[in-house]
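Novice: Sequence and predicted structure, then a few things I'm wondering about:
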2 protein chains.
Amino acid sequence: MGPAGSEVWHSMLDGTETVLREEGYGALTSRRVAEVIGVKQRLIYYYFENMEDLIVATFRRSAARDIERLQESLSRDLPLDEIWERCVDNADARMTAEFVALANRIDKLRTEVIAYTERTRQMLADAIDRNVVSSDRANGLPPVAAAFFATSAAIALHREAALGIGMGHAEVLACIRVFFSHGKPAQ
Amino acid sequence: MGPAGSEVWHSMLDGTETVLREEGYGALTSRRVAEVIGVKQRLIYYYFENMEDLIVATFRRSAARDIERLQESLSRDLPLDEIWERCVDNADARMTAEFVALANRIDKLRTEVIAYTERTRQMLADAIDRNVVSSDRANGLPPVAAAFFATSAAIALHREAALGIGMGHAEVLACIRVFFSHGKPAQ
DNA sequence: GTCTATACACCGATAGAC
DNA sequence: GTCTATCGGTGTATAGAC
């Protein structure tokens, strides 16, 4: 077994991300990852016991980075609209969708995806709760629902944009910006 | 080539839907579809030139049914909340997500998915426009954005439920019900 | 119309040289 | 650590009997 955390190890995770993002999980094979990063297929199995382990490791690294970045945004008490910008501009939305699809048949990955989803939803809901003025809450939109709508919209926006659909996107972005700009300015 | 519209032809589309819904597009193979409907794999290629044709035919039939059902709901001037119930209770939401994933790599399918998405969004937006009272529109939620939020939320609800995530779902459903129950009663 | 049988490509994973 | 070579399985798609 090759060393986890080494340069080659990281490049294998990079290759996995690239294939997932650009070609989807149907193209995610050990041969394809090896080709993308310029090594021989056999080497994948020196660093990982099997493909599932490689996939789980890739998601773990990606999720850890995401949560770290989100925490950093929140700790600096950024205005909500900036947090939203970081969510929707996240180029990994397509990749995340592929991970979710894979989670339906890889048990170890499902556990990770569930934990990541619930963790980030709670973080986003807490941030909304701390920052959104009460008039918005009077509209009957609890923070956790706002977090859900925002992330599900972000995912759908990316998915449709990838297909070439733009209908209603401008209106949706405008609505979310208005909602998130109702946050109190950083104390 | 076997006759399109025959009993066997329809059962092949049924099998494709079943596999997509229950196992995802990673499991969608000619062998699997044949097994599910109880015929030999060779027969698939008597009725369809290749797998892509089978997939496109399946989506076409499913989309046509969806639009017909939506039209029927709208023509009877059902209250909005009933239309929403039909959307979110639609057992095909999982299947639709798999079609979208497939559309990223099957050109003929992408065209169909785009047309279907834009058509149903317009229909839903029009229905909202006709039925939602003006106080809701004053909140800054254009009909097309409401249609987008509702469908993206419905998709995310199904996707997360399939993984075993339920966080915030009750709040989201309550919000949508409240919004849609603001519709005027059928004239 | 439906079948058996099969060609060929590519998959995950492993043996073993260097 | 990285390689060549290969096994068994499974995918799409086709040949040809009945």
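Specialist: Received it, and whenever you're ready, just let me know what you need.

Novice: Please pull up the helix or strand immediately following the lowest-mean-pLDDT helix or strand in chain A.
Specialist: The helix or strand of chain A with the poorest confidence is helix A:134-137; it has a mean of 67 (mean pLDDT, DSSP states H and E). Moving toward the C-terminus from helix A:134-137, the next helix or strand (DSSP states H and E) is helix A:143-163.

Novice: What is that next one packed up against?
Specialist: helix A:80-88, helix A:93-103, helix A:107-131, helix A:169-180, helix B:93-103, helix B:107-131, helix B:143-163, helix B:169-181 (3 or more CB pairs under 8 Å, 6 or more residues apart in numbering or on different chains; DSSP states H and E). Quick note: C-beta positions are derived from backbone N, CA and C, even for glycine.

Novice: Can you tell me which of those helices is nearest to A:R21?
Specialist: For those, the distance to A:R21 is smallest for helix A:93-103, at 4.5 Å, taking CB to CB.

Novice: Any chance you could list what contacts the closest one?
Specialist: A:17, A:20-21, A:24-25, A:28, A:55, A:59, A:62, A:109-110, A:112-113, A:154-155, A:158-159, A:162, B:24-26, B:98, B:101, B:159, B:163 (CB atoms under 8 Å, 6 or more residues apart in numbering or on different chains).

Novice: one more time with 6 Å
Specialist: By CB atoms under 6 Å, 6 or more residues apart in numbering or on different chains, the residues outside helix A:93-103 that reach it are A:17, A:20-21, A:24-25, A:59, A:109-110, A:113, A:155, A:158, B:163.

Novice: Ok, stretch A:104-117 next?
Specialist: Taking CB under 6 Å, 6+ apart as the rule, stretch A:104-117 contacts A:52, A:56, A:59, A:63, A:102-103, B:24, B:163, B:165.

Novice: Could you rerun that using 10 Å?
Specialist: A:25, A:51-53, A:55-56, A:58-60, A:62-64, A:66-67, A:96, A:99-100, A:102-103, A:151, B:22-24, B:26-27, B:94, B:98, B:156, B:159-160, B:162-165, B:167 (CB atoms under 10 Å, 6 or more residues apart in numbering or on different chains).

Novice: and that stretch, anywhere near DNA strand D?
Specialist: No: Stretch A:104-117 stays out of contact with DNA strand D when judged by CB under 7 Å from any atom of the strand, the minimum separation being 12.7 Å.

Novice: I'd like the mean pLDDT over that stretch, please.
Specialist: For stretch A:104-117, mean pLDDT is 95.

Novice: Pull out the buried residues from it.
Specialist: For stretch A:104-117, burial by neighbour count (16 or more other CB atoms under 10 Å in any protein chain shown) applies to A:104, A:106, A:109-110, A:112-114, A:116-117.

Novice: could you dump the residues you listed to CSV with distance to B:G38?
Specialist: Output for those, formatted as CSV (distance: CB to CB, whole Å):
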residue, distance to B:G38
A:N104, 25
A:I106, 29
A:L109, 32
A:R110, 31
A:E112, 37
A:V113, 34
A:I114, 36
A:Y116, 40
A:T117, 38
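
Novice: Which positions in stretch A:66-75 come out as buried?
Specialist: Under 16+ other CB under 10 Å, the buried positions of stretch A:66-75 are A:66, A:70, A:73-74.

Novice: Among those, which are located in helices?
Specialist: A:66, A:70, A:73-74 (DSSP state H).

Novice: re the thing from before, quick one: which of the buried residues of stretch A:104-117 is nearest to B:P79?
Specialist: Once CB to CB is applied, the member of the buried residues of stretch A:104-117 that ends up nearest B:P79 is A:T117, at 32.7 Å.

Novice: Report the separation between the closest one and DNA strand D.
Specialist: 29 Å (CB to the nearest atom of the strand, to the nearest Å).

Novice: So for A:L43, what's the nearest residue that isn't a sequence neighbour?
Specialist: Once flanking residues are discounted, A:L43 sits nearest to A:A34: 6.6 Å by CB to CB, 6 or more residues apart in numbering or on different chains.

Novice: Which neighbouring elements make contact with the host helix or strand of that neighbour?
Specialist: Here A:A34, judged by DSSP H and E, is contained in helix A:30-37. With contacts taken as 3 or more CB pairs under 10 Å, 6 or more residues apart in numbering or on different chains; DSSP states H and E, helix A:30-37 sits against helix A:7-23, helix A:41-47, helix A:51-75.

Novice: Tell me which of the ones you listed approaches A:N131 most closely.
Specialist: helix A:51-75 (9.8 Å).

Novice: who touches stretch A:122-135?
Specialist: By CB under 10 Å, 6+ apart, stretch A:122-135 touches A:67, A:70-71, A:73-74, A:77-81, A:83-84, A:87, A:136-137, A:141-148, A:150-151, A:179-180, A:182-187, B:167-168, B:171.

Novice: Write the PyMOL selection for whichever of the residues you listed are buried.
Specialist: Buried members of these, defined by 16+ other CB under 10 Å, are picked up in PyMOL with:
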select buried, (chain A and resi 70+73+74+78+80+81+83+84+87+136+141+142+143+144+145+146+147+148+150+151+179+180+182+183) or (chain B and resi 167+168+171)
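
Novice: Return only those of the contacts of stretch A:122-135 found close to DNA strand C.
Specialist: Checking these against DNA strand C (CB under 7 Å from any atom of the strand), there are no matches.

Novice: can I see the domain layout of chain A?
Specialist: Here the domain parsing of chain A from automatic domain parsing is A:1-49, A:59-180.

Novice: per-stretch mean pLDDT over these, give me the minimum one.
Specialist: domain A:59-180 (a mean of 88).

Novice: Could you verify my assumption that A:A146 touches B:E171?
Specialist: Yes: counting by CB atoms under 10 Å, A:A146 touches B:E171, with 9.0 Å between them.
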